[in-house]
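Asks: Sequence and predicted structure, then a few things I'm wondering about:
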Amino acid sequence: MKWQQVLLDDHFDLRKLNKYGTLMTLGNGYMGIRGVHEEEYPEQTRGMYVAGIYNKETNNAPAEIVNLPDLVGVKIEIDHEVFSMMSGKILAYSKKLYLDRGEMIREVVWERNDGLQLKMTFRRMVSKADLHVLSSAITIVSLNKDISIKITTGIDGQQTNHGRQHVMEENVRVFNDRYMQGVYQTSHSKQKIALFAACKYSMIDKEYFTSKNRQLLAHGEVTVKKEQPFTFEKYGAIFTSLDQDIPEKLAIEAVGLEKIKQLYQDGYNQALQKSEQVWNDFWKDHRIEISSPNEMDQLSIDFAIYHIEIMTPKHNADFSIGAKGLTGEGYKGHVFWDTEIFILPSHLYTNPSIARQLLHYRYSRLPMARKKAEMNGFKGAQFPWESALSGEEETPAYAAINIKTGKRQKVASALAEHHIVADIAFAVIRYYETTRDDQFMIEEGLALLKETSAFWISRTVKQNDKLSIKNVIGPDEYTEFIDNNAYTNYLAHYNVQQALRYMEQFAIVDEVFKQEAEHFMKHLYLPQVNEDGLLPQDDTFLQKPYIDLAKYKQSQGNQSILLDYSRPEVNEMQILKQADVVMLFYLFPQLFSKEIVYQNFQYYENRTIHDSSLSKAIHAIVAMRCGEKDLAYQWFQEACLIDLGANPHSSDEGVHAASLGAIWLAVFHFLNISFSEDSITVQPTLPKDWSKLKFPIQYRGRKLEFIVENEKLIVKKVGGAPLTIKVKNEVFELTKEPISVQLV
């Protein structure tokens with residue numbers, strides 16, 4: 001049955017322009033185009049980003065994803081007056097993103113001060129069928145007067161990254177008095193971008209082109225009668241020097257020109273139809289269905305899946321996923337541990353080849369990781385905290401200037417937040433355990449495991465009869481430069497342990513490494529639960545003073561505690577930004593007893609502000625495992641509101657990509673599912689308000705579908721060998737026929 005899911009903005013509000021510009025981004029993994037209005041408004045941030053296109057402002061600056069010349073903006077003049085919803089009266093307004101087909105539609109009924117009434121419909125799509133294509137359509141109907149209309153649009157090279165200009169204009173041209181071309185090059189990385197645009201009018205009196213001040217513009221003028229619809233369509237195409245789908249002997253200019261000609265011939269509706277079919281196929285395999293009295297539950301998971309899909313560059317294994325996807329310039333488009341720990345699992349269990357591709361991004365940058373380790377006096381590979389295209393460390397050296405002191409504070413993450421090395425190794429291990437992809441392990445995985453292990457072995461220092469990992473930052477970024485962070489130490493130990501295990505499994509002989517690894521595992525200090533039942537987050541955390549955090553928990557996500565305390569002061573109190581020990585419990589659910597996990601969960605959550613978007617969904621998963629179903633559901637819902645909540649500025653700089661991945665993970669873990677070779681154990685623990693959950697996954701060549709409804713579990717399989725399903729200590733053999741198990 002055909003389904004439809006709509007993200008709705010039903011009220012024009014200048015404060016929400018950038019939030020909805022982010023949330024309603026259209027994309028396909030190759031490009032992302034912010035869902036802003038066609039017409040200009042104060043502080044509205046336009047954005048068109050292509051995966052892999054990064055540039056540095058200066059040699060010493062970090063690379064940032066480039067905000068490319070704009071193809072979306074349209075200036076509309078009615079009777080020689082520029083249309084703006086800031087003037088006149090808005091009689092009706094809705095802006096909708098159709099998640100099911102990747103189309104944005106805005107409908108406006110607007111009244112001018114002199115009584116003229118217009119009905120305007122704006123449509124826009126980025127093709128999922130053709131990575132290089134975008135298209136838009138505008139329909140204008142005057143309800144009560146004859147009017148003149150002037151449309152001005154084209155390729156606007158005045159776009160910047162908050163004032164930083166990254167592209168140089170090489171040439172602009174118009175072919176056949178119809179097809180616009182702009183060719184640009186990034187100033188430092190020397191990447192070439194060719195943009196194309198063409199306009200089609202349902203009627204036209206006059207059309208001409210101009211080029212000035214980095215803008216190549218088409219101007220169309222027409223007079224229309226009352227109630228006579230005027231339709232304008234614009235087509236766009238993007239090609240870059242990084243494209244791998246261009247025949248070797250063809251220039252991107254030639255390919256792009258042919259593409260825009262074809263788009264002009266086909267029109268908006270045909271482009272949309274082709275794209276919609278690909279979206280339909282995608283959703284058949286990926287959509288999770290939730291029956292809940294709270295409609296936000298279904299919207300949130302649809303929204304998360306949609307954005308994970310449009311941020312993932314499936315077309316090129318040399319790219320990865322930035323912390324804001326392709327929706328904004330937050331974090332300069334950089335890649336963090338977010339990708340491996342929070343986003344990659346959704347691909348691993350739905351399209352594992354994409355998970356492998358994301359790991360290839362890290363493997364291909366091993367030379368730069370080795371270089372970074374060597375520069376810091378370590379062995380092996382030290383992956384950067386923030387990465388872009390090159391694999392170099394891209395974390396800014398300094399934060400913004402403190403307006404009270406006039407000084408910049410150093411950014412500590414690149415200096416000490418080294419757990420990303422083990423996070424990447426963890427993802428390698430999880431990928432192999434799930435897929436048994438021997439080829440990957442032989443070609444790439446073993447090298448990643450060995451090189452990351454060598455880093456940890458060299459990173460330790462001897463302290464008494466133990467090895468310590470000193471001067472680190474764990475996942476909790478409010479606790480800086482501490483020793484023996486539990487999360488970091490346990491993951492480092494796991495990293496080395498599994499490297500040794502898989503080297504032996506694949507008969508890789510390295511006696512020196514083996515001796516070093518065994519010594520490391522034997523002597524590495526692993527924090528233990530103390531007499532109070534607490535696992536120390538690090539060597540000193542439990543000795544620090546505790547303060548009441550109720551005030552700051554009420555404004556979580558805003559880092560409001562830094563208005564009352566300096567970072568050094570926060571560092572010396574029992575204050576967590578996000579899950580740390582709880583994050584360890586999430587990754588290793590069997591490491592400690594359920595009682596210990598629950599006790600520590602309560603202790604550390606009481607000291608956690610949840611100022612990071614990564615925190616809430618992880619707490620929801622661990623709460624579910626602890627039997628706190630109501631609390632788990634509460635935190636799941638709060639995680640869903642990080643982007644979709646009422647805060648008008650929550651997502652101005654882009655979506656919270658890791659949070660969206662964690663929302664998927666939370667629903668996945670409500671199934672309470674675990675894997676062991678060719679068997680799966682399922683113990684569903686759904687929120688009590690959910691009457692049904694339908695969840696598709698892939699596992700070792702099988703397409704599986706889990707349906708929990710009316711206290712019953714149904715499991716279906718398409719393809720692959722039979723599979724053992726364990727439910728409530730019962731064992732079932734899943735073959736071609738579904739199995740059905742009563743849960744109570």
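Replies: Cool, got the structure. Numbering: from 1, shown residues only.

Asks: quick one, helices of the stretch 551-700 of the chain?
Replies: 561-564, 567-571, 581-587, 594-605, 615-625, 629-644, 657-670 (DSSP state H, counting those that start in this stretch).

Asks: what is the mean pLDDT for stretch 685-698?
Replies: The average of the pLDDT scores along stretch 685-698 is 96.

Asks: CA atoms only for that stretch, dumped as PDB, please.
Replies: Extracted C-alpha coordinates of stretch 685-698, given in PDB (Å, rounded to 0.1, in the frame of the first residue of the first chain):
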ATOM      1  CA  THR A 685      11.100  -4.800  24.700                       C
ATOM      2  CA  LEU A 686       8.900  -2.200  23.000                       C
ATOM      3  CA  PRO A 687       7.600   1.000  24.600                       C
ATOM      4  CA  LYS A 688       4.200   0.100  26.100                       C
ATOM      5  CA  ASP A 689       2.400   2.600  23.800                       C
ATOM      6  CA  TRP A 690       3.600   0.900  20.700                       C
ATOM      7  CA  SER A 691       1.100  -1.600  19.400                       C
ATOM      8  CA  LYS A 692       3.300  -2.700  16.400                       C
ATOM      9  CA  LEU A 693       6.800  -2.500  15.200                       C
ATOM     10  CA  LYS A 694       7.900  -3.700  11.700                       C
ATOM     11  CA  PHE A 695      11.600  -3.700  11.200                       C
ATOM     12  CA  PRO A 696      13.600  -5.000   8.100                       C
ATOM     13  CA  ILE A 697      17.200  -5.900   8.200                       C
ATOM     14  CA  GLN A 698      19.800  -7.800   6.200                       C
END
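
Asks: Would you pull up how far it lies from the middle of the chain?
Replies: Remark: stretch 685-698 is offset 23 Å from the chain centroid, using C-alpha atoms, centre = their mean, to the nearest Å.

Asks: hmm, back to that, looking at the helices of the stretch 551-700 of the chain, which is closest to Glu709?
Replies: Of all the helices of the stretch 551-700 of the chain, helix 657-670 sits nearest to Glu709, with 13.6 Å by C-beta to C-beta. Heads up, the C-betas are built off the backbone N, CA and C, glycines and all.

Asks: relative orientation of that closest one and helix 629-644 in degrees?
Replies: Regarding helix 657-670 and helix 629-644, their directions subtend 150 degrees when assessed with axes from the mean of the first three to the mean of the last three C-alpha atoms, to 10 degrees.

Asks: tell me what helix 657-670 is packed against?
Replies: Counting contacts by 3 or more C-beta pairs under 8 Å, 6 or more residues apart in numbering; DSSP states H and E, helix 657-670 is packed against helix 295-311, helix 338, helix 344-348, helix 615-625, helix 629-644, strand 692-699.

Asks: what's the shortest one in contact with?
Replies: This points to helix 338. 321, 323, 614, 657-658, 661 (C-beta atoms under 8 Å, 6 or more residues apart in numbering).

Asks: What about those, which one has the most neighbours?
Replies: Ala657 (30 neighbours; other C-beta atoms under 10 Å).

Asks: For it, give me its contacts.
Replies: 307-308, 311, 321-325, 338, 342-343.

Asks: now those in JSON lines, with pLDDT and distance to Ser241?
Replies: Converted to JSON lines, the contacts of Ala657 look like this (pLDDT from 0 to 100; distance: C-beta to C-beta, whole Å):
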{"residue": "His307", "pLDDT": "98", "distance to Ser241": "27"}
{"residue": "Ile308", "pLDDT": "98", "distance to Ser241": "27"}
{"residue": "Met311", "pLDDT": "98", "distance to Ser241": "22"}
{"residue": "Ile321", "pLDDT": "98", "distance to Ser241": "21"}
{"residue": "Gly322", "pLDDT": "98", "distance to Ser241": "20"}
{"residue": "Ala323", "pLDDT": "97", "distance to Ser241": "25"}
{"residue": "Lys324", "pLDDT": "98", "distance to Ser241": "24"}
{"residue": "Gly325", "pLDDT": "98", "distance to Ser241": "22"}
{"residue": "Asp338", "pLDDT": "97", "distance to Ser241": "27"}
{"residue": "Phe342", "pLDDT": "98", "distance to Ser241": "31"}
{"residue": "Ile343", "pLDDT": "98", "distance to Ser241": "27"}
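
Asks: Tell me the one of those nearest Ala129?
Replies: Ranked by distance to Ala129 (C-beta to C-beta), the contacts of Ala657 are led by Met311 at 18.2 Å.

Asks: quick one: that closest one from Ile65, how far?
Replies: Met311 sits at a distance of 12 Å from Ile65 (criterion: C-beta to C-beta, to the nearest Å).

Asks: residue ranges with poor pLDDT in this protein?
Replies: Residues of the chain meeting the criterion pLDDT under 70: 1, 404.

Asks: Not counting residues beside it along the chain, what's closest to the residue positioned nearest the centre of it?
Replies: In the chain, the centroid-proximal residue (C-alpha atoms, centre = their mean) is Ala657; its distance is 2.9 Å. Closest residue in space to Ala657, ignoring its immediate chain neighbours: Gly325 at 4.9 Å, by C-beta to C-beta, 6 or more residues apart in numbering.

Asks: residues contacting that neighbour?
Replies: 25, 27, 32, 307, 310-311, 654-655, 657.

Asks: Nearest to Ser458 among the residues you listed?
Replies: Of the contacts of Gly325, the one sitting nearest to Ser458 (C-beta to C-beta) turns out to be Ala657, at 31.7 Å.

Asks: Show me what Val335 is bridged to.
Replies: On the basis of DSSP bridges, Val335 is bridged to Ser387.

Asks: wait, doesn't it sit right on Lys324?
Replies: No. Taking contacts as C-beta atoms under 8 Å, Val335 lies outside contact range of Lys324: 10.6 Å.

Asks: ends of stretch 155-174, how far apart?
Replies: 11 Å (C-alpha to C-alpha, to the nearest Å).

Asks: contacts for that stretch?
Replies: Here stretch 155-174 has contacts from 46-48, 55, 57, 64-71, 73, 180-188, 192-193, 195, 197, 209, 211, 213-217, 329, using C-beta under 8 Å, 6+ apart.

Asks: Over to stretch 512-521?
Replies: Contacts of stretch 512-521 (C-beta under 8 Å, 6+ apart): 450, 453-454, 456-457, 460, 467, 493, 496-497, 499-500, 503.

Asks: same thing but at 10 Å, please
Replies: For stretch 512-521, contacts defined as C-beta atoms under 10 Å, 6 or more residues apart in numbering pick out 379, 450, 453-454, 456-460, 467, 492-497, 499-501, 503-504, 508, 510.

Asks: Can you flag the buried ones in those?
Replies: 379, 450, 453-454, 456-460, 467, 492-497, 499-500, 503, 508 (16 or more other C-beta atoms under 10 Å).

Asks: domain parsing for the chain?
Replies: Under automatic domain parsing, the residue ranges defining each domain of the chain are 9-286, 289-670, 671-744.

Asks: Take those and lay them out in JSON lines including distance to Trp3.
Replies: Shown next, in JSON lines, are those (distance: least, C-beta to C-beta, whole Å):
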{"stretch": "domain 9-286", "distance to Trp3": "6"}
{"stretch": "domain 289-670", "distance to Trp3": "9"}
{"stretch": "domain 671-744", "distance to Trp3": "12"}
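
Asks: Give the phi and psi angles for the nearest residue to Lys544 once chain neighbours are set aside, as a check.
Replies: Distances taken as C-beta to C-beta, 6+ apart put Gln574 closest to Lys544, at 5.0 Å, once the chain neighbours are dropped. Backbone torsions of Gln574, given as degrees, to the nearest 10, read phi -80, psi 80.

Asks: And the nearest residue to Asp9 once chain neighbours are set aside, which helix or strand is it part of?
Replies: Nearest in space to Asp9, with sequence neighbours left out and distances taken as C-beta to C-beta, 6+ apart, is Lys95 at 4.3 Å. For Lys95, the host element (DSSP states H and E) is strand 89-98.

Asks: same for that strand, what does it pack against?
Replies: With contacts taken as 3 or more C-beta pairs under 10 Å, 6 or more residues apart in numbering; DSSP states H and E, strand 89-98 sits against strand 6-9, helix 17-23, strand 103-111, strand 117-126, helix 295-311.
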